[in-house]
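Novice: this one's structure only:
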């Protein structure tokens, strides 16, 4: 009976993340995880410090609805334009009564720009370009828009009091590149100022740049040895155990030789987005830990766990599916944090999926959707070669 197969390239609802935003989010959240400080700035009578913080999309029940109480400020630094967005707590700190619904947006913008005067002057000094704040009431930020276009942050005082949350979004790739360059200069100067005198224990730079292979598992299936022996190019293998999160596909990353490291993440489009980094196997739920195989349920003819088998052909083989190995520099892997983005060479629906039998690489293929089920179309398998004929 013919099987209806839909390529994931045609799946609807995929979040598209621009490469400039992906790099900016990845860089900023790694900096925050590594406790790389941004300098304190004077805002009114207080000294504030900004910390990059991933935006919590999971908490939003309506990701496409305007966020209540959020305000947006349009700005330009030289020729680069963007948005500064603030939740109700931060907006109130900046503009006080200017956040009231009956106050014109231009008044709110003027009050907030005045409160941010020291920030504007610091940016102008750093970039040697003028900063302009421009009233623009067209922006109604949503959680989905912020996740796709912005880098999130929280603001606190030098004594630890929280002042609110916000986000920054640049209009184009050139703007993001200039933003990151300026912040790298600022954080580098701040780090050198606060660095301890003894740096003898630091790893050399060449070692920090070493590429480490990370394997991201997306699911697994139990196959009998007889079924596995019959797999050939063009076959479709259903992934019985997998988890989706909206349009994304959950995955877990591991590093050979470091069994205690687990990276909980979700893959979408051309990005793998990190959700959590765990350093012990027991911290990882069974269904997302390839070191703890889960018995697939509902497989036709699956043998009961522990039951005797009539022949070697009935032995069950754990078949796992992994994205192509991702090479991360050691310093990136060491500082991996929630919110960081790892870019794939190809979109998820075109990337190579490795097929492993009890951990041994036996083939590869591409993801396909078979109805509401996820599967892999086999492109190559071990016994397709003359040596395995």
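Specialist: Noted; the coordinates are in hand. Remember, predicted model here, so these are calculated numbers, not experimental data.
Novice: what sits against residue 183?
Specialist: The contact partners of residue 183, by C-beta atoms under 8 Å, 6 or more residues apart in numbering, come to 28, 31, 38. For every residue, glycine as well, the C-beta is placed using N, CA and C.
Novice: Map the structural domains onto the sequence of the protein.
Specialist: According to automatic domain parsing, the chain is divided into the following domains: 8-13+210-388, 38-193.
Novice: Helices of this protein, start to end?
Specialist: In order along the chain, the chain carries the following helices (DSSP state H): 19-33, 88-95, 105-115, 117-127, 143-149, 173-194, 205-208, 225-229, 330-334.
Novice: do you know which of those helices lies nearest residue 69?
Specialist: Smallest distance to residue 69 across the helices of the chain (C-beta to C-beta): 3.0 Å, for helix 88-95.
Novice: Residue 133 is in contact with residue 74, correct?
Specialist: Yes. Because the distance of 7.3 Å satisfies C-beta atoms under 8 Å, residue 74 is recorded as touching residue 133.
Novice: residues bridging contact with the two, i.e. touching both?
Specialist: Taking C-beta under 8 Å, 6+ apart as the contact criterion, the common neighbours of residue 74 and residue 133 are residue 109.
Novice: isn't residue 166 right next to residue 89, touching?
Specialist: No. In this structure, residue 166 is not within contact of residue 89 by C-beta under 8 Å, at 9.5 Å.
Novice: Between those two, tell me which one has more neighbours.
Specialist: For the pair residue 166 and residue 89, the greater number of neighbours falls to residue 166 (29 against 16), based on other C-beta atoms under 10 Å.
Novice: what pairs with that one across the strands?
Specialist: As for beta bridges, residue 166 partners with residue 86, residue 153 under DSSP bridges.
Novice: ok, back up a step: can you list the contacts of residue 183 in TSV and add neighbour count, distance to residue 253 and pLDDT?
Specialist: Converted to TSV, the contacts of residue 183 look like this (neighbours: other C-beta atoms under 10 Å; distance: C-beta to C-beta, whole Å; pLDDT from 0 to 100):
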residue	neighbour count	distance to residue 253	pLDDT
28	24	21	83
31	21	21	73
38	17	29	78
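Novice: from those residues, which is closest to residue 93?
Specialist: When the contacts of residue 183 are compared against residue 93 (criterion: C-beta to C-beta), the nearest one is residue 38, at 17.5 Å.
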